[in-house]
Structure formats: structure tokens, C-alpha cells
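Q: Provided below for reference: sequence and predicted model.
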Amino acid sequence: MGLLSTITSPTALRRLPAERLPELATEVRDFLVREVAKTGGHLGPNLGVVELTMALHRVFESPHDTIVFDTGHISYVHKLLTGRQDFSRLRTRGGLSGYPSRAESEHDVSENSHASTSLSWAHGIAVARSLSGEHDRHTVAVIGDGALTGGMAWEALNNIAARKDLPLVIVINDNERSYAPTIGGMAEHLAALRTHQGYEKVLRLGKRAIAGAPVVGRPAFETLHGIKKGLKDIMAPQGLFEDLGLKYVGPVDGHDHQALETALRQAKQYGAPVLVHVLTKKGKGYRPARQNADDQFHAVGVINPETGLPLEVSGRSWTDDFSDSLVALGAEREDLVAITAAMLIPVGLRDFAIKFPERVLDVGIAEQHAVAMAAGLAYAGKHPVVAVYSTFLNRAFDQLLMDCALHHAGVTFVLDRAGVTGSDGASHNGMWDMTLANVVPGLHLAAPRDGEQVELALRRSLDIADAPSVVRFAKGNPPATIPAVEQHGAVDVLAGPGPDRVDTLVIGLGSLVPTALAVGARLEEAGRTVRVVDPVWALPVSEDLIDECRLAGEVVVIEDNLVSGGIGSAVSTALQLADVDVRVRPFGIPKEFLDHASRGQVLASIGLTPDAIAEAVLRRRGPRRVVDAS
Ligand SMILES: Cc1ncc(C[n+]2csc(CCOP(=O)(O)OP(=O)(O)O)c2C)c(N)n1
Ligand SMILES: CC(=O)[C@@H](O)[C@H](O)COP(=O)(O)O
Ligand SMILES: [Mg+2]
């Protein structure tokens, strides 16, 4: 029975003698590599915060004190230390979430996996505590150097800095990486501060010298610290943070238990907003992670724990199809400029960046800036391609609407991970983009059904110079090419050709086109006449699609998007406006936050399967939701 298994709560951790902390840290790292190798997950980031998380739970008393983890992907150690040590089903249905989860623990606060929100959360919590007179409750935010490049973080810092009386500890977990090395002036500023490790050594030396002296001991140490503070000001550049009026402590070695606890105790007792700048290493203690140049094992699949090599073959992905198409188009179109928000490789821009390095912009975790900047690029004659995960575009909706669409900006948005992603939980599903797109005047949206359609859609989007266009596709692998059997204007007929009237028109979108074809087959087996079509460009709803609907007794729309306000809604509205009286049955994602599970399990649980949809259509009721799908 190892030491880790005896740590059933932060209280048990606080009782642990300091000399056993390194032993516990080693056990935690061994646990993370062994267990996350089996399930996949954010191995690198969590290996980097072992000592930091231990120090946080030894200095602060959660849940009386509150610790908010930015982005939440670095909460594995926090979970281990707060009574959750069964990682066997991490990120799978019924198992631990890969992010904080209030349903799991009173120690968890923000479940949002979108970066740069923790300082705002902490500001709100600290103000509430102050207003309630709860002056003995401390609030801590842990934010990464990458998340610190997000605009929200600076909105929060601007406000926090104005409250000199607000006890709030901000820990910057500086590992110099998002996925890739963190970019921008902020990263350079942190780098300048990082170089002054001298403060740390001087403080440690002084502490040992003073603390060992009789009588004077602690008070003298505090005095010395004051001197060291002065020294540090001399040694370290007058930090941006201190210019803002925020006390800055650090840089602190984020793998030194004692240094961490010393710095955090100082910060805790300070009684005003204070930043603790902690230097950590992503993937610490695990050579395959440390040696991984791409992302230091930011997020891994199932791997061999000895070698770090993947044990699952991922195959060609939707992202690969986008990547190859963009490289080809980049050679044809010199005006094509690609933008990423700190996710160059995950969104498929690596090859484009290799071939056209001057035409790729990484703005950090700053989607709002990326989209407004794209409006500027378009204004000045470029055709920007903004490549983000669907869920992260939520954050930049206003820039899409008011900076791009309002100005008829020819900007292409490539939304990866559109639809149900599953294992990353509720805030990662790309389930809102078509609903958001549906309210943007002039916007064109394509949901390609296969890799071939990705290229066609991308090519066409680059010719749309007077409005934003969206090309959205799912996480994972596209199906083999799905050919049209006939063309009805802009509409691809996939099954049931011919201009005849049909009982049911099935409109399939993107990754759910195979589901639409299977539904059509089941309806035919049940004696219905059916046509299955793909509108290819789903927004705006085309006259050709409206004409298709005119020939149907009823219309079934199947989409991997919120059913509210999605393409089903768009079709219904278009038919009403065209005075076409035909019943529309929309099938999509219900207006709910979806718990983590595999994509297949989630789709089954919300009734987005051929059987459930066909049965619902035939019985004229809602889709049956399967809970125990394997
Ligand atoms: C708004 C938003 N954009 C992109 C992401 C994808 N993402 C997840 S973690 C991460 C890097 C975070 O870097 P940092 O904050 O330094 O944390 P670290 O992984 O280094 O611990 C990114 C870009 C996200 N979660 N939220
Ligand atoms: C925490 C975060 O936002 C990313 O790391 C995300 O988990 C990656 O998702 P994929 O694994 O689908 O690329
Ligand atoms: Mg980082």
C-alpha cells in the first residue's frame, strides 16, 4: 500500500511530514503515467503541477478556501489529493471527468474547459467572500502562461489590481508552453522575470541562515525578506504586474516543495491581490513527454507507458483532409493567411506553416483577437482562414457578427471538433456553431460529409469575398467518399434519385450523413418512399433545397448540432417564409450540457442513431434515448 493511497483528503496531506513530500510526488507521477497511459488524457500538463498542487492543498484549506484551476485540464493531481484515485475510467462514461466536476467533489469549482476564465471566477468569489465578511476564506486561481495570453485574463487583472484590499492569490503556472511554446509579449515578459531565479536562492539562503539563529528567527526572516524584496526589485525588472499595482512573488521553482510553500504562505497572509509566479516543466519526470517537441504530451491517447508511443492507430482524420486541402490552396492563393489560437498542430496548420511560414499567425489563446484581426486582414486584401475548435468560436461570436459579417468580410472559419466530441465533457462539444452561424446575416456554412467535400467547401469558401464562410467538421475520422447519385441544383442527392414526390425527404448534414442514409434505408424498409439529400452548403438555405422539400410529405433534418436554432430550424423558417406547408422533423442535440462519454455513447444517449430516428419518424414522436449504449 503506497503513500498516495493514504492521502484520502487534503487534511491527510497537510499532516504528512515535509520530508515525505518528495516520496509522495514520485508516487503521484508514477500513478499519472501508469493510469493516463491506459485512458489517454492531459498527461504532460498534470505531470508539471504535482508539487504545485500538493503545496496548494497544504497551504490552503479547500473547500473552506477555494482553488480555481484555469481550463481545468490540470486538475488530475487535485483530484488525487481530494479523494479521487480511481482513474480507470477517466474521461469515459461513468468515470472521472478530465476536468473539475462539482458532481464529483466539493473541492471543484469551475467545470469550464475554455481557457482564461479562472481570474474572473476568483475575482467574483473573493468579492463575494469580502461582502459576506468571510475574511478568513482565501481564494486562489491557478492560471497557465498560455491561458494568460487570453483577453479575459487581462480584463480580470485590470479589475483585480484596483482592489488593494482584496485577498486573492493568483498562481501563474509558467511552463513556457501552451501546446507549443507560448507566444507574445506576455510570454517574453514572463521569460524576463524567469531569468531572475536569484531571488529564490537569496531567499532560501537567507531563510536558512536566519531561521537557524536563536531568538530572532522568524521576525528577522520577515525583515530579511523585506530586504530581499528590495534586492529583488533591483535584480528583477520592474514587472508589468507590479506596475499594475499587483504584488509579485517569484519566480519560484515549481518543483521545490519548500520554496512553493514558503511563497504560497507569504501570498496567503498578504491580504491583497498577489501573483505567485511559479516555474514548472510540462511533462516533468517523464522523458517521453519532456522530449516531445510538439506539445510535451499536452494531450495523449492510449500510450505505452515505457516508451510513450501510441498504442492506438488514429488513421486519417478530418483535420488531415483540411490540412492537405489548405496546403494545396495556399500554393494557388497568395492572399490566403491562416490564423490559430495557440493550437497550430491540433487544428491542422502545421503543414501550411512549414510551407508558408510567413502566412500563419498564432495569436495565443485569443480567439476574439483572432477573429477581429481576420476582419482587418480581409479589409487589407487578404483572405484569412481562422482555424479553431468549434466550441472555442463561441467566445468570438461578437467578432464574427460585428467585425466580420457586418463588414461583409471574406473570412473563412474552419471549425474542427464540430458536433459531439464526447470525452472532454460538456464545454468541449462543438454543438453550438451552426446555431450561432444561423443568426449571422450573409454567412455561408458548409458541413462536408467526407474528405473530398472538405476540399470543395474550402475552395469555394475562398471565393466568397463579401461574407464570412464556415466549414465545419467533426473530431476523428471521415467516412469513405460518399458520392452523389444525382444533382438537383445545389443539392446533392445521395439516395432515392428522381424528381418524383416522396413521403419523406431526409436532409443529412456533415458527419451525420451516414446516419441520414441509414435512416432513409429503414424508412424505405417500412414502405416509405424516401430521398436522402445533402445540401452541402446548409446556410443560407437554398431555393433548390426548398424545392426538394416541396416534393415531400415530410422533411427530416439530421444534424450534429443543437437542434434549437440549427439547420432544422433554418429549413423550417425558410419553408414558412416561402409559404411551403410541409412538416419538418428536426433531429439534433438537445439543449442540454452533455456529460463526458465516447462520441458514440453520447449520440446514442440523445437519440441520434438510425434506429432511434427512424422509429421516431415512423411513430411520429421524439427519438428514443439509449442510456446504456456500449
Ligand atoms: C478558449 C480556449 N481556446 C483553446 C483551448 C485549447 N487549450 C486547452 S489547454 C491549452 C493550452 C493551455 O496552456 P496553459 O494555460 O499554459 O496551460 P498548460 O497546458 O501549459 O498547463 C489550449 C490552447 C481552450 N481550452 N480554451
Ligand atoms: C483542454 C483542451 O481544451 C484541449 O487540450 C482539448 O482537450 C484537446 O482536445 P482534442 O484531444 O480533441 O484535441
Ligand atoms: Mg503553459
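A: Looks like it came in fine. Residues are numbered from 1 along each chain as shown. Ligands and ions are numbered 1, 2, ... in the order given.

Q: Could you tell me the per-residue confidence at the closest residue to residue 593 other than its chain neighbours?
A: Closest residue in space to residue 593, ignoring its immediate chain neighbours: residue 426 at 3.7 Å, by CB to CB, 6 or more residues apart in numbering. Backbone N, C-alpha and C define where each C-beta goes, glycine included. Note for residue 426: predicted pLDDT of 98.

Q: can you pull the contacts of residue 426?
A: Contacts for residue 426 (CB atoms under 8 Å, 6 or more residues apart in numbering) come out as 111, 593, 594, 595, 596.

Q: Would you reformat these as JSON lines and include distance to residue 130, neighbour count and secondary structure?
A: Shown next, in JSON lines, are the contacts of residue 426 (distance: CB to CB, whole Å; neighbours: other CB atoms under 10 Å; DSSP: H, G, I helix; E, B strand; the rest coil):
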{"residue": "111", "distance to residue 130": "24", "neighbour count": "18", "secondary structure": "coil"}
{"residue": "593", "distance to residue 130": "30", "neighbour count": "10", "secondary structure": "coil"}
{"residue": "594", "distance to residue 130": "36", "neighbour count": "21", "secondary structure": "coil"}
{"residue": "595", "distance to residue 130": "34", "neighbour count": "16", "secondary structure": "coil"}
{"residue": "596", "distance to residue 130": "35", "neighbour count": "26", "secondary structure": "coil"}
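
Q: From residue 303, how far out is the residue nearest to residue 593?
A: Between residue 426 and residue 303 the computed distance is 26 Å (CB to CB, to the nearest Å).

Q: any weak-confidence spans in this structure?
A: 1, 196-238, 627-630 (pLDDT under 70).

Q: which bits of it sit near ligand 1?
A: Residues of the chain lying close to ligand 1 by CB under 6 Å from any ligand atom are 45, 71, 73-74, 113-115, 144-147, 173, 175, 177-179, 282, 298, 341-343, 365, 367, 392, 395.

Q: and ligand 3, which of these contact it?
A: The subset of those within reach of ligand 3, by CB under 5 Å from the ion, is 144, 145, 146, 175, 177.

Q: bridging residues for the first one?
A: By that I understand residue 144. residue 173 (DSSP bridges).

Q: What is the burial count for it?
A: Other residues within reach of residue 144, judged by other CB atoms under 10 Å, total 31.

Q: now do the fourth one
A: Under the neighbour criterion other CB under 10 Å, residue 175 is assigned a count of 25.

Q: Provide a list of residues in contact with it.
A: Counting by CB under 8 Å, 6+ apart, residue 175 touches 45, 48, 144, 145, 254, 279, 280, 281, 282, 296.

Q: now the second one
A: Remark: with contacts taken as CB under 8 Å, 6+ apart, residue 145 is in contact with 172, 173, 174, 175, 176, 177, 178, 182, 186, 187, 190.

Q: what do you get for residue 287?
A: residue 308.

Q: Distance check, it against residue 32.
A: As for residue 287, its distance to residue 32 is 14 Å (criterion: CB to CB).

Q: just residue 97 next, same as before
A: To residue 32, residue 97 is 16 Å away according to CB to CB.

Q: Likewise for residue 241?
A: From residue 241 across to residue 32, the span is 31 Å (CB to CB).

Q: For ligand 2, what's its nearest residue on the protein.
A: Nearest to ligand 2 in the chain, going by CB to the nearest ligand atom, is residue 73, at a distance of 3.9 Å.

Q: Is that residue in a helix, a strand, or coil?
A: coil (DSSP: H, G, I helix; E, B strand; the rest coil).

Q: List the contacts of the closest residue to ligand 3 within the stretch 251-400 of the chain.
A: Residue of the stretch 251-400 of the chain nearest ligand 3, by CB to the ion: residue 282 (6.4 Å). Shown in contact with residue 282 (CB under 8 Å, 6+ apart): 44, 45, 47, 48, 175, 176, 177, 289, 290, 296, 297, 298.

Q: Likewise for residue 75?
A: Residues near residue 75 by CB under 8 Å, 6+ apart: 46, 69, 99, 100, 108.

Q: and the last one, backbone torsions?
A: Its backbone dihedrals place residue 108 at phi -100, psi 140, with angles given as degrees, to the nearest 10.

Q: so where does the spatially closest residue to it that is not a sequence neighbour fall, helix or strand?
A: Excluding its sequence neighbours, the residue lying closest to residue 108 (CB to CB, 6+ apart) is residue 100, at 3.7 Å. Residue 100 is part of no helix or strand, with elements assigned from DSSP states H and E.

Q: thinking again about what came up before, what about the closest residue to the residue of the chain closest to ligand 2 other than its chain neighbours, how many neighbours?
A: Of all residues not flanking residue 73 in the chain, residue 42 sits nearest, at 4.2 Å (CB to CB, 6+ apart). Residue 42 is flanked by 25 other residues according to other CB under 10 Å.

Q: Go ahead and confirm residue 42 touches residue 295.
A: No. At 10.3 Å, residue 42 does not count as touching residue 295 under the criterion of CB atoms under 8 Å.

Q: Please give me every residue in contact with residue 56.
A: Contacts for residue 56 were tallied using CB under 8 Å, 6+ apart; they are 67, 78, 140, 142, 171, 264.

Q: same thing but at 6 Å, please
A: When contacts are counted by CB atoms under 6 Å, 6 or more residues apart in numbering, residue 56 touches residue 67.

Q: so the nearest residue to residue 578 once chain neighbours are set aside is in which element?
A: Nearest residue to residue 578, sequence neighbours excluded (CB to CB, 6+ apart): residue 546, at 5.2 Å. Assigned by DSSP H and E, residue 546 falls within helix 543-550.

Q: Residue 412 against residue 463, yeah?
A: No. Using CB atoms under 6 Å, residue 412 is not in contact with residue 463; the gap is 10.1 Å.

Q: neighbour-wise, which of the two wins?
A: Counted by other CB under 10 Å, residue 412 and residue 463 do not tie: residue 412 has more neighbours, with 26 against 10.

Q: So what sits opposite the more buried one in the bridge?
A: residue 385, residue 469.

Q: Report the separation between it and residue 366.
A: Following CB to CB, the distance that separates residue 412 from residue 366 is 19 Å.

Q: Could I get the full set of strands for the stretch 501-630 of the chain?
A: For the stretch 501-630 of the chain, the strands defined by DSSP state E, counting those that start in this stretch cover 502-508, 530-534, 537-539, 552-562, 583-589.
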